[in-house]
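K.L.:
Quick one, what's the 3D model for this:
(4 chains)
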Number of protein chains: 2
Amino acid sequence: MPASKRDQLLATAERLFHEQGFHATGIDRIVAAAGVVRMTLYNHFASKEALVAAVLAARHERFITSVDAAVACASQGQATRALVDAHGDWLERYSQHGCIMAKAMGEFAEHSPEIHALAAAAKTDLLAHLEAAVERDGLGHHAGLARGVFLVLEGSNTTVALLGAQTALADTRAVVDTLLATARSDTR
Amino acid sequence: MPASKRDQLLATAERLFHEQGFHATGIDRIVAAAGVVRMTLYNHFASKEALVAAVLAARHERFITSVDAAVACASQGQATRALVDAHGDWLERYSQHGCIMAKAMGEFAEHSPEIHALAAAAKTDLLAHLEAAVERDGLGHHAGLARGVFLVLEGSNTTVALLGAQTALADTRAVVDTLLATARSDTR
DNA sequence: AAATTTATATAGATCGGTCTATACAGGAAA
DNA sequence: TTTCCTGTATAGACCGATCTATATAAATTT
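P.N.:
You can find the predicted model right below:
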């Protein structure tokens, strides 16, 4: 069956927001690209801000679902590494233009506390998943390891647009492996 | 002596662009905040895009000057660490809202190739300085070390708005120290 | 019959950018 | 000394385009 108008709008808005930015993307361009009339958008979303919020929520749900799936079927002691790889796959496939949550935080920090909080919550949610994965790998005692890996993932989000996905992801895996190896050899 | 109108405009625009975003900041708000009339801006800058370019160029020059100074007076074998600390100081003092170059890349990627290239050049310039520092520390043989540290610095840019400067910078230093220690113990 | 989508018109604000005209400096030329 | 020129700033009107959002009625779909 064809996607509902609402889903068309969500998908189109997500793409345009991600590629062109939130403030630089007007309502008219979204409805035109979605092949829908403007009133249809306002029939489904109360405002542009509500549309942005829906886009971010839907995207994060998809992302966290794919991350959870990857971690769930990771072999013993490989949860953290599986999460990092899942993040890399996502980045390569859907985030060539950088992290949409980071973009949202930047554009709405002093403009819409709700959007900013929503995007920030998405990021801290990933950190929480990372901490769970580290714990599952028996490295929970190593304070700061999850946050260190998180820092590297955040770096890969911006670096992919600078050095390309291949280099950025290879560097990311190399640094994460170093962090994991150091943590494992630390018998404290 | 009082700052010239041009400098007032540059400083005001830099602050507003950084806090509110580029597209979300209108010409009228800049001139009002700078205490200057509209035509004065257009007397000094050909367009909003030219103003953005001038802001980014001035900011990068200040940043790279302060980084160079820190690296220049670093003790033997501490160039990389000095650069990382200088980056952290800058982040803490002037970039609580994240990296302005990353913001510019996000907002102008599909909108102005010139601005995007300028911001990207600023970032690769930092990477080049990082590679020079790593070389100076006698770790140039370690392929990818500079890019690994760069990845972490990039991560700290976005994480500072999420976890606060204190946590973000402490984590950054911890990861960088791990990378440096691993590189030094690698006798290859 | 009910819900959704379309088409179209409109509201009012804001956008980047241009325009003319005026004021007032400081330095150069008479 | 006086006159003139140039550069810079102010003031405010003005342009077309675009922005988000709403109103209403007809057409379509379920």
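
K.L.:
Low-confidence regions, chain A specifically.
P.N.:
Low-confidence segments of chain A, defined by pLDDT under 70: A:1-2, A:187-188.

K.L.:
Next to DNA strand C, which bits of it? Give me the list.
P.N.:
Within chain A, the residues that sit near DNA strand C (Cβ under 7 Å from any atom of the strand) are A:4-6, A:35-40, A:43-44. The C-beta positions use only the backbone N, C-alpha and C, and glycine is treated the same way.

K.L.:
rerun that using 10 Å as the cut-off
P.N.:
Proximity of chain A to DNA strand C (Cβ under 10 Å from any atom of the strand) is limited to residues A:4-9, A:23, A:28, A:31, A:34-44.

K.L.:
List, one by one, the residues from chain A near DNA strand D.
P.N.:
Residues of chain A found near DNA strand D (Cβ under 10 Å from any atom of the strand) are A:1-2, A:4, A:20, A:22-32, A:37-43, A:45-52.

K.L.:
Mind checking which of those residues are buried?
P.N.:
Among those, those scoring as buried are A:20, A:22-25, A:30-31, A:40-41, A:45, A:48, A:51-52 (criterion: 16 or more other Cβ atoms under 10 Å in any protein chain shown).

K.L.:
Run through who's touching stretch A:73-93.
P.N.:
A:63, A:66-67, A:69-71, A:99, A:126, A:129-130, A:132-134, A:136-139, A:149, A:153, A:156-157, A:160, A:165, A:168-169, A:172-173, A:176-177, A:180 (Cβ atoms under 8 Å, 6 or more residues apart in numbering or on different chains).

K.L.:
Swap in 7 Å and give it another go.
P.N.:
If you take Cβ atoms under 7 Å, 6 or more residues apart in numbering or on different chains as the criterion, stretch A:73-93 is touched by A:63, A:66-67, A:70-71, A:129-130, A:133-134, A:136-138, A:149, A:153, A:156-157, A:160, A:165, A:169, A:172-173, A:176, A:180.

K.L.:
now, which of those lie within strands?
P.N.:
Judged by DSSP state E, strands contain none of those.

K.L.:
returning to what we had before: ok, and of the residues of chain A next to DNA strand D, which contact chain B?
P.N.:
When contact is defined as Cβ under 7 Å from any Cβ of the partner chain, those meet chain B at A:20, A:23-24.

K.L.:
Now render those as JSON lines, adding secondary structure.
P.N.:
Listed next are these as JSON lines, based on DSSP: H, G, I helix; E, B strand; the rest coil:
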{"residue": "A:Gln20", "secondary structure": "helix"}
{"residue": "A:His23", "secondary structure": "coil"}
{"residue": "A:Ala24", "secondary structure": "coil"}
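
K.L.:
what about A:Glu61, distance to chain B?
P.N.:
20 Å (Cβ to the nearest Cβ, to the nearest Å).

K.L.:
That residue: neighbour count?
P.N.:
A:Glu61: 11 surrounding residues under other Cβ atoms under 10 Å in any protein chain shown.

K.L.:
With A:Thr80 instead?
P.N.:
By the criterion of other Cβ under 10 Å, A:Thr80 has 26 neighbours.

K.L.:
Within the helices and strands, which one has it?
P.N.:
A:Thr80 belongs to helix A:79-94 when elements are defined using DSSP states H and E.

K.L.:
Can you give me every residue that contacts the residue of chain A found nearest DNA strand D?
P.N.:
Residue of chain A nearest DNA strand D, by Cβ to the nearest atom of the strand: A:Gly26 (2.6 Å). Shown in contact with A:Gly26 (Cβ under 7 Å, 6+ apart): no residues.

K.L.:
ok, A:Thr25 - contacts?
P.N.:
When contacts are counted by Cβ under 7 Å, 6+ apart, A:Thr25 touches A:16-17.

K.L.:
hey, where'd the helices end up in chain A?
P.N.:
A:5-20, A:27-34, A:38-44, A:48-72, A:79-94, A:100-108, A:113-136, A:145-163, A:165-185 (DSSP state H).

K.L.:
Just give the number of residues close to the residue of chain A found nearest chain B.
P.N.:
Residue of chain A nearest chain B, by Cβ to the nearest Cβ: A:Gly155 (3.3 Å). By the criterion of other Cβ under 10 Å, A:Gly155 has 28 neighbours.

K.L.:
Can you pull out the residues in contact with stretch A:52-68?
P.N.:
Residues from elsewhere that reach stretch A:52-68 (Cβ under 7 Å, 6+ apart): A:10, A:13-14, A:17, A:22, A:45, A:83, A:86-87, A:90, A:100-101, A:104, A:114-115, A:118-119, A:122, A:125, A:129.

K.L.:
Over to stretch A:165-174?
P.N.:
Contact with stretch A:165-174 is made by A:84, A:88, A:91-92, A:96, A:152-153, A:156, A:159-160, B:144, B:147-148, B:151, as judged by Cβ under 7 Å, 6+ apart.

K.L.:
CA atoms only: put it into CSV for me.
P.N.:
Taking Å, rounded to 0.1, in the frame of the first residue of the first chain, the C-alpha atoms of stretch A:165-174 are listed here in CSV:
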residue,chain,number,x,y,z
ALA,A,165,32.6,7.9,5.7
GLN,A,166,35.4,5.4,5.0
THR,A,167,38.1,7.3,6.8
ALA,A,168,35.9,8.6,9.6
LEU,A,169,34.5,5.1,10.4
ALA,A,170,37.9,3.4,10.2
ASP,A,171,39.4,6.0,12.6
THR,A,172,36.4,5.6,14.9
ARG,A,173,36.8,1.8,15.1
ALA,A,174,40.5,2.2,15.7
